[in-house]
Every structure is written in C-alpha cells, then in structure tokens.
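1. This is a predicted model, with the sequence first.
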Amino acid sequence: MQKLILFGGNGYIGQVLKDFFVNNGYEIILVARNDIKNPSQNNYKFVKWNAKNIENSWKNELENADVVINLAGKSVNCRYNERNKAEIFSSREVTTKLIGEAIAQCQNPPKTWLNASTGTIYRHATDRPQDEITGEIGSGFSVEVAKLWEKTFLDAKTPQTRKITLRMSIIFGKTGGAFPYYANLAKWGLGGKMGKGDQMISWLHDEDLCHSLLFLIKNTDLEGTFNLASPYAMRNDAFMALLRTHYKAWFGLPSTKLMLEIGTFLLQSETELILKSRWVMPKRLLDAGFTFKYNTVKEALEEL
C-alpha cells in the first residue's frame, strides 16, 4: 500500500482527492489546520498542523512516504484588499517552504512531491492557448502569487524527491468547485454572457483531475510543470448558452462589467475570477499519453 500525504486537504478539491486515493488503495494522511469531521475510513488518518512550524506530528509522516500533494493556501475567492493579499501570498509561501524543509530533514524522503499552482499564471489570452512550452506569463496580483508559489516550490532543496508543479484550471464537480455557481446562474435566468463574453474558460472535471494526478504519480519519468485542464476551453458566452440549453432556461440576463463589480463586491469576491481569459492547454499531459474522460463541456454537463 502506497502512502500519500495530502496537505491543505480540507477544501472541496482535497476531499475529492482524499476519497479517490483511498478508493484506489492508498494510505492517506490528510494534514490541515481545521479538524475534519468525516466518517471513519480505512487507510485514512487526519493530522492537524498550524501551517507555521515544523511539528513532529506531521513531519514524521513524511518518512518513507510515496507521494506528497500540497494544496495549502488561502482561497483567492475573496476581496483583494491588502490584508487578504498578504495572507494569500504568505499562506502559499510559508506552507510550501515548511514542507520542503521537512522533506529535506527526512532520512527516507517522499519519492514524489506534487505542488499546486494555477493556470492563472498565464496572460489574459483570447488569441491562442497557453501551454507549458510556449505559454506567456502574465502580470498582476494573481500572477505574482503563482510565481512566488512556484519559485518557493522549486527552490526547496529536496534532491531525492521528484517534483511536479500543477498549474490547475477551474475544477468542475457536482458538489463543489465553480460549476454549481454557473449552474445556479443559468437556472435563475442570470446565465447570459459575462462582460464581453469572449474570455476563455479553462476547466477540468474533478474525475479527470484525480486521474491525471494518478497518471503523474505512476509515470515516474515525468517531472516539471504540467497544465491541468481539458484540451477544449470554451468562450464564456458559448459556455453560458450551453448551460441555458441544458437547464432549459430560455432567458439569460447578460452581466455587464459594472454589474459584475457590484455582484462580486456583495459576494466578497473579485471580477478577475470571472473576466480573465484563461486559455490553458495541457500539452505535456497529452504528449505523455494521458486520455481525458471528459474532453468537452457538453460531455461534462451530461455527467454533472
């Protein structure tokens, strides 16, 4: 039985990954700041950390581990005031650095370390997809967060551990991620285009997220940066039209930038999460032979 340590696993994605890997025969050690109340599962243990210091309670779990997955970091779904921006930066830098230092102290360090990042690191792109080789790094707050996160990960001195950076797109799932929000807008008659509607939505079904990570873990010759997204991104206006058709919502009020500014303020979020064009291409996954179960939004909708 392989041992997988999952840091920051108390969110939606973490719980999806925990269940998937438990069901695939892995021993899971989930490390998070807040207690997680889950039904008891075989091969699963929760360990609490303060995300500020190396503690033996979780550091010792790293010995002889097969895989580490780090998702830890404050959610970017918030207002970008100075306090929140500082917490977004520090929560990623500090936790990644801590894990790297703890791995460096191991007598038998983990074989593989996968660290989350984001496809938002690429520029606003409506002209062509951004892959790991030819993609152009953007500018702005979210990009700087991603750059610091990746630099901290790559700077960690862990020569015996294979490292993979995960540039993740928007994750779609039945009970979490971004999909329920889009679906509710369509159901309530608010499923029109957002802003100009020409921004690309890069997305990934949560089943394909799980299987892509398993693929990266099993193929031990793979390392470096990987984009995690469906090969088929979709324009916002076309995506919302498809949602309206699926839910038989024949009317969808379009949202101007001003309307989105008001709405995201009330929801304590930011319009960048909606209006930035993320056109992410998973070139390295495709080149390595990974097959997506859900290539198109239509296929994903039928399941979701």
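-> Thanks, I have the structure now. For clarity, every value in this text was computed on a predicted model and none was experimentally measured.
2. contacts, neighbours, all on C-alpha from now
-> Fine.
3. which element is the residue nearest to residue 89 when sequence neighbours are not counted on?
-> Distances taken as Cα to Cα, 6 or more residues apart in numbering put residue 145 closest to residue 89, at 5.8 Å, once the chain neighbours are dropped. Under the criterion of DSSP states H and E, residue 145 resides in helix 141-155.
4. what's the neighbour count on the residue nearest to residue 89?
-> Residues near residue 145, counting by other Cα atoms under 10 Å, number 23.
5. roughly how far apart are it and residue 155?
-> Separation of residue 145 from residue 155 (Cα to Cα, to the nearest Å): 15 Å.
6. Same check on residue 149?
-> Distance from residue 149 to residue 155, by Cα to Cα: 10 Å.
7. Which one of these two is surrounded by more residues?
-> Neighbours around residue 149 and residue 155, counted as other Cα under 10 Å, are more numerous at residue 149. The numbers are 26 against 11.
8. coming back round to it: go ahead and confirm the residue nearest to residue 89 touches residue 87.
-> No - using Cα atoms under 8 Å, residue 145 makes no contact with residue 87, being 10.6 Å away.
9. Now do the contacts for the closest residue to residue 95 other than its chain neighbours.
-> With Cα to Cα, 6+ apart as the criterion, residue 95 has its nearest non-adjacent residue at 5.8 Å, and that residue is residue 51. Neighbouring residues of residue 51 by Cα atoms under 8 Å, 6 or more residues apart in numbering: 32-33, 91, 94-95, 98.
10. Next secondary structure after the helix or strand containing residue 83?
-> Using DSSP H and E, residue 83 falls within helix 82-104. Towards the C-terminus, the helix or strand next in line after helix 82-104, according to DSSP H and E, is strand 112-118.
11. and the angle from that following strand to helix 82-104?
-> Angle of strand 112-118 versus helix 82-104, following axes from the mean of the first three to the mean of the last three Cα atoms, to 10 degrees, is 170 degrees.
12. helices and strands around strand 112-118, which ones?
-> Counting contacts by 3 or more Cα pairs under 8 Å, 6 or more residues apart in numbering; DSSP states H and E, strand 112-118 is packed against strand 67-70, helix 141-155, strand 162-168.
13. how much space between the residue of the chain most remote from its centre and residue 243?
-> Distance from the C-alpha centroid of the chain, by Cα atoms, centre = their mean, peaks at residue 250 (32.0 Å). Residue 250 sits at a distance of 10 Å from residue 243 (criterion: Cα to Cα).
14. before we move on, what about residue 213?
-> Note on residue 213: its distance to residue 243, by Cα to Cα, is 28 Å.
15. more crowded one of the two?
-> residue 243 (24 against 18).
16. Now that one: closest residue in space that isn't a chain neighbour?
-> Excluding its sequence neighbours, the residue lying closest to residue 243 (Cα to Cα, 6+ apart) is residue 186, at 6.2 Å.
17. Now residue 47: which helix or strand?
-> Taking DSSP H and E as the definition, residue 47 sits inside strand 44-48.
18. Tell me the buried residues in the helix or strand that that strand is followed by?
-> Using DSSP H and E, the helix or strand that follows strand 44-48 in sequence is helix 56-59. Residues of helix 56-59 classed as buried: 58-59 (neighbour count, 16 or more other Cα atoms under 10 Å).
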